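*Asks:* Model the following, please.
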Amino acid sequence: MKILLNLIGAIAVVLGVLGIFLPLLPTTPFLLLASACFARGSTRLHNWLITNPMFGRYLRNYELGYGIPLRAKVWILLLMWLSLGYSAYVVHRTGLQIMLFCIGCGVTLYLCRYVPTMCLPAPEQDGAPPAP
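*Replies:* Next up is the predicted model:
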């Protein structure tokens, strides 16, 4: 079972990285799937993923229940709707356009309602430590 989980996790990482460059291929769900698979299949691979300099911080914060920063949410929604809008414009089939719109609404609802927005601590003044 661990081999299967690690294989699925590796495929999800590849798809997640491809999603950075390809429109409509989501990055975040694949990386979350990879993290879940590696957490059950290989501690070493899971540690590699959550310590990755590019996206490890976001995965750690999500796994710890902190959510994602507001800025990341805004960028995710903006880029997703731009990609979906372009795809709906290029595809001239009403059924597919409706499906794209429904997917966008579902992801937007999930992100806004069920994924917590991470509150960033206020920056320290003049290098002084924050008050207790």
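*Asks:* Would you point out which residue is most central in the protein?
*Replies:* Note on the chain: the residue nearest the mean C-alpha position is residue 28, at 2.4 Å, using Cα atoms, centre = their mean.
*Asks:* so what's that residue up against?
*Replies:* For residue 28, the contacting residues are 16, 58, 76, by Cβ atoms under 8 Å, 6 or more residues apart in numbering. Yep, even glycine has a C-beta here, placed from its N, CA and C like the rest.
*Asks:* where's residue 5, which helix or strand?
*Replies:* Element membership for residue 5, per DSSP states H and E: helix 2-21.
*Asks:* Kindly provide the whole-number mean pLDDT of that helix.
*Replies:* Mean pLDDT, computed over helix 2-21, is 92.
*Asks:* what ranges do the strands span in this protein?
*Replies:* 68-69, 117-118 (DSSP state E).
*Asks:* partners of the first one, with directions?
*Replies:* Strand 68-69 pairs in its sheet with strand 117-118 (parallel), by DSSP bridges.
*Asks:* contacts for the partner strand?
*Replies:* Contacts of strand 117-118 (Cβ under 8 Å, 6+ apart): 61, 66, 67, 68, 69, 70, 73.
*Asks:* Name only those of those that count as buried.
*Replies:* 61, 67, 68, 69, 73 (16 or more other Cβ atoms under 10 Å).
*Asks:* who's in contact with the closest residue to residue 27 other than its chain neighbours?
*Replies:* Counting by Cβ to Cβ, 6 or more residues apart in numbering, residue 27 lies nearest to residue 19, which is 3.7 Å off, once chain neighbours are set aside. The neighbours of residue 19, taking Cβ under 8 Å, 6+ apart as the test, are 25, 26, 27, 30.
*Asks:* ok, of the residues you listed, which one's closest to residue 89?
*Replies:* Checking the contacts of residue 19 against residue 89 with Cβ to Cβ, the nearest one is residue 25 at 18.2 Å.
*Asks:* Do I have it right that that closest one meets residue 14?
*Replies:* No: Residue 25 lies out of contact with residue 14 (Cβ atoms under 8 Å); the separation is 10.8 Å.
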